[in-house]
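*Asks:* here you go, sequence then predicted model.
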Amino acid sequence: MHLEKKLKQFYAEHGISARNFDCISRRRCSRAAREEGGRFTPAREATLGRQFLTSGLRIVVISLDPGSHHTLVKRELKIREPAQSIEDLGPKPRHWYRTHEGVAAIVRRATGNKITPMAAAAWFAHTSVVRCCANLEGKKQAPRAMYWCCRGYLEKELAILKPNVIWTQGQRAHEAMSWVASAMPPASPGPTAPGHVELSLPWGLVAWIFTDHPTAYGAGKNKWGVTKRILRHAMLPCMDAR
């Protein structure tokens, strides 16, 4: 079965399909969103880069949550090609552009091939720990209850995607991946500070890169410079991914 079909089947079986949403945690998460002044909207599925489907380098980027509401068409699983213009990636200081910039650094580190952020759009799969959106003011992070409800889905989704590089963005993505790593035999410890480790997961060795969120600030300074250094020097699978 093709990877896309496996994912769609997984989403449907667990009630987290964008088109036929019927998650068992819907009421709990909807209540958590309302309590923080938000408005709950249903799940968003993963996106898959064309190169991710055909290359030996399988990068999965795990973000925190969808951030804001999207139409049904934009919430359904889709295959991404290289971006047509730099504007498609959004403003440079924002999350989506920096994600592509970071993936370009990972590809160069793993393969020696220098690619642009626009080309990087096709090189990775993107998912998030929280599937649904709380629509909080200022795209504030989803309530913690939603992370607890969703983290089990991440374990099963990764087992389908079988990445050899995982990049988690932000503390709660790190917490979810630490839980996944400890739940999958053989159990593997996760990093406790931004950096990278090698995990042994059921489908093989995986380079896990854990960083702050691409737009995070600390002590009044943007942390993106630190994140880029981690991405450029991480121990990654060395392979010809052409």
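*Replies:* Great, that's in hand. Numbers count the residues shown, from 1 in each chain.

*Asks:* residue ranges in this structure under the pLDDT threshold?
*Replies:* 1, 69-73, 185-193, 217-221, 237-242 (pLDDT under 70).

*Asks:* all strands for it, in order.
*Replies:* Along the chain, counting by DSSP state E, strands occupy 47-49, 59-63, 78-80, 124-128, 165-169, 195-201, 204-211, 217-218, 221-222.

*Asks:* would you mind giving those as CSV with distance to Y97 added?
*Replies:* (Each C-beta comes from the backbone N, C-alpha and C, glycine too.) Formatted as CSV, the strands of the chain follow (distance: least, CB to CB, whole Å):
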stretch, distance to Y97
strand 47-49, 16
strand 59-63, 13
strand 78-80, 15
strand 124-128, 13
strand 165-169, 13
strand 195-201, 22
strand 204-211, 15
strand 217-218, 17
strand 221-222, 13
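
*Asks:* any chance of the ones you listed in JSON lines, plus distance to C23 and mean neighbour count?
*Replies:* Below are the strands of the chain laid out as JSON lines (distance: least, CB to CB, whole Å; neighbours: other CB atoms under 10 Å):
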{"stretch": "strand 47-49", "distance to C23": "20", "mean neighbour count": "21"}
{"stretch": "strand 59-63", "distance to C23": "19", "mean neighbour count": "25"}
{"stretch": "strand 78-80", "distance to C23": "21", "mean neighbour count": "15"}
{"stretch": "strand 124-128", "distance to C23": "14", "mean neighbour count": "23"}
{"stretch": "strand 165-169", "distance to C23": "22", "mean neighbour count": "26"}
{"stretch": "strand 195-201", "distance to C23": "25", "mean neighbour count": "17"}
{"stretch": "strand 204-211", "distance to C23": "27", "mean neighbour count": "20"}
{"stretch": "strand 217-218", "distance to C23": "33", "mean neighbour count": "10"}
{"stretch": "strand 221-222", "distance to C23": "35", "mean neighbour count": "12"}
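
*Asks:* hang on, A105 packs against R229?
*Replies:* No - if you go by CB atoms under 8 Å, A105 and R229 don't touch, sitting 9.5 Å apart.

*Asks:* closest to G138 out of the strands of the chain?
*Replies:* Closest approach to G138 among the strands of the chain (CB to CB): strand 217-218, 14.3 Å.

*Asks:* please name the residues that touch the residue nearest to the spatial centre of the chain.
*Replies:* Centroid-nearest residue in the chain: I62, 1.8 Å away (criterion: CA atoms, centre = their mean). By CB atoms under 8 Å, 6 or more residues apart in numbering, I62 lies in contact with 127-129, 154, 166-169, 173, 176-177.

*Asks:* ok, of those, which one's closest to P214?
*Replies:* If you rank those by distance to P214 using CB to CB, Q169 comes first, at 6.1 Å.

*Asks:* so what's the closest one up against?
*Replies:* Going by CB under 8 Å, 6+ apart, Q169 touches 61-64, 95, 99, 211-214.

*Asks:* got CSV for those residues, with distance to A83 too?
*Replies:* Listed next are the contacts of Q169 as CSV, based on distance: CB to CB, whole Å:
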residue, distance to A83
V61, 15
I62, 21
S63, 18
L64, 22
H95, 15
T99, 12
T211, 22
D212, 24
H213, 21
P214, 17
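
*Asks:* now, among these, which is nearest to H233?
*Replies:* Nearest to H233 among the contacts of Q169 is T211, at 12.1 Å by CB to CB.
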